[in-house]
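Asks: 3D, please:
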Amino acid sequence: MTKLFILLSLISFYSEAKGHFKYLKGNVSIIRNGKTFKVIKKNNQIIEKDLIRVGQDSLAIVKINERVTIKVEANSQLLVENPKSQKNETSLLMQTGAVFVDFLNKDKKAKLNFKTRQAVMGIRGTRFFVSYGRNDKDTWMCVESGVVEVKDRSGKKVSVKKGEGVKLDSKKVSKPQYLPWTAKLNWNLDPKKNLENKVKIEEAYNDPLDQEYD
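Replies: Numbers count the residues shown, from 1 in each chain. Coordinates of the predicted model:
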């Protein structure tokens, strides 16, 4: 079946807009109402229920509700579920890939729910990294600043602090551990600076977490 592929140009969605693209590199598209739109300009808008898809050797930085900045890595898909600013809550579902998230919460009233199929993460102001579904469908996450509360499918909650990381699968969440290599990740989200991330999350997590996790 031939896929429908339409250019997303200067069409305005001001009444529904929840975010926009700040930076584009390579093949970036949006799936909206079952149709695929290629994103060709930064500042193209993002609305509720958009699925952001970033292709191979590509990268995107998106801004949601003026509080959440996300660097979406190559081969990733991120669903904007209900970023309704009037409710001070943003909800994102990562279907596959890896993202860096910076959640600025000055008034402490906003909330970010970040989900994969393995976990729900409650955030009230922090910077963190998540990788999900590339090899074994596990979720890997680590925190650069602040605290992230991670809840697995069983309802177990774990607080992950600065410099710590955890691994989740369909059964449980690992014990948070301090991981010095997280400082080597490229946490930069400023398009004017280098955005490339060279650390492979699966390799970096393998030794310290598998020992505790198995």
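Asks: quick one, longest strand in the chain?
Replies: Taking DSSP state E as the criterion, the chain has its longest strand at strand 89-103.
Asks: Show me what that strand packs onto, helices and strands only.
Replies: Judged by 3 or more CB pairs under 8 Å, 6 or more residues apart in numbering; DSSP states H and E, the packing partners of strand 89-103 are strand 68-72, strand 76-80, strand 111-115, strand 126-132. All C-beta atoms are positioned from the backbone trio N, CA, C, and that covers glycine.
Asks: Pairing partners for the third one, with directions?
Replies: Translated: strand 111-115. strand 89-103 (parallel), strand 119-123 (antiparallel) (DSSP bridges).
Asks: can you map out the helices along the protein?
Replies: Taking DSSP state H as the test, the helices found in the chain are 201-213.
Asks: what bridges to the most centrally placed residue in it?
Replies: Central residue check for the chain by CA atoms, centre = their mean: the C-alpha nearest the mean position is that of Val99, 3.9 Å away. Note on Val99: beta-bridge partners Val72, Val130, judged by DSSP bridges.
Asks: what's near enough to touch Trp187?
Replies: Each residue near Trp187 by CB atoms under 8 Å, 6 or more residues apart in numbering is listed here: 100, 127, 129, 144.
Asks: Now render the strands paired with strand 111-115 as a markdown table, adding mean pLDDT and distance to Val160.
Replies: Listed next are the strands paired with strand 111-115 as a markdown table, based on pLDDT from 0 to 100; distance: least, CB to CB, whole Å:
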| stretch | mean pLDDT | distance to Val160 |
| --- | --- | --- |
| strand 89-103 | 92 | 13 |
| strand 119-123 | 89 | 9 |
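Asks: want to throw these into JSON lines with distance to Asp50?
Replies: Formatted as JSON lines, the strands paired with strand 111-115 follow (distance: least, CB to CB, whole Å):
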{"stretch": "strand 89-103", "distance to Asp50": "11"}
{"stretch": "strand 119-123", "distance to Asp50": "20"}
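Asks: how close does the residue lying closest to Asn194 once chain neighbours are set aside sit to Glu144?
Replies: Excluding its sequence neighbours, the residue lying closest to Asn194 (CB to CB, 6 or more residues apart in numbering) is Asn188, at 6.5 Å. Distance of Asn188 to Glu144, given as CB to CB, to the nearest Å: 11 Å.
Asks: Which one of the helices and strands packed on strand 89-103 lies nearest to Arg32?
Replies: Of all the helices and strands packed on strand 89-103, it is strand 76-80 that lies closest to Arg32, at 10.2 Å by CB to CB.
Asks: List the neighbouring strands of the closest one plus their orientation.
Replies: strand 51-54 (antiparallel), strand 89-103 (antiparallel).
Asks: which one among the contacts of Trp187 gets closest to Val150?
Replies: Phe129 (12.9 Å).
Asks: Just give me how far stretch 91-101 sits from the chain centre.
Replies: In this view, stretch 91-101 has its centroid 3 Å away from the chain centroid, taken as CA atoms, centre = their mean, to the nearest Å.
Asks: In this protein, where is pLDDT below threshold?
Replies: For the chain, the stretches with pLDDT under 70 are 1-17, 82-87, 134-136, 201-214.
Asks: Send me stretch 55-70 as CSV with only the CA atoms.
Replies: Only the C-alpha atoms of stretch 55-70 are listed here, as CSV (Å, rounded to 0.1, in the frame of the first residue of the first chain):
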residue,chain,number,x,y,z
GLY,A,55,14.2,9.2,10.9
GLN,A,56,17.7,7.7,10.6
ASP,A,57,20.6,10.2,10.9
SER,A,58,18.0,12.8,11.8
LEU,A,59,17.3,15.0,14.8
ALA,A,60,14.6,17.4,16.1
ILE,A,61,14.2,19.8,19.0
VAL,A,62,10.6,20.6,19.9
LYS,A,63,9.0,22.9,22.4
ILE,A,64,5.8,22.0,24.2
ASN,A,65,3.7,24.5,26.2
GLU,A,66,6.7,26.8,26.7
ARG,A,67,7.8,24.6,29.6
VAL,A,68,9.1,21.4,27.9
THR,A,69,12.0,21.2,25.5
ILE,A,70,12.8,17.9,23.9
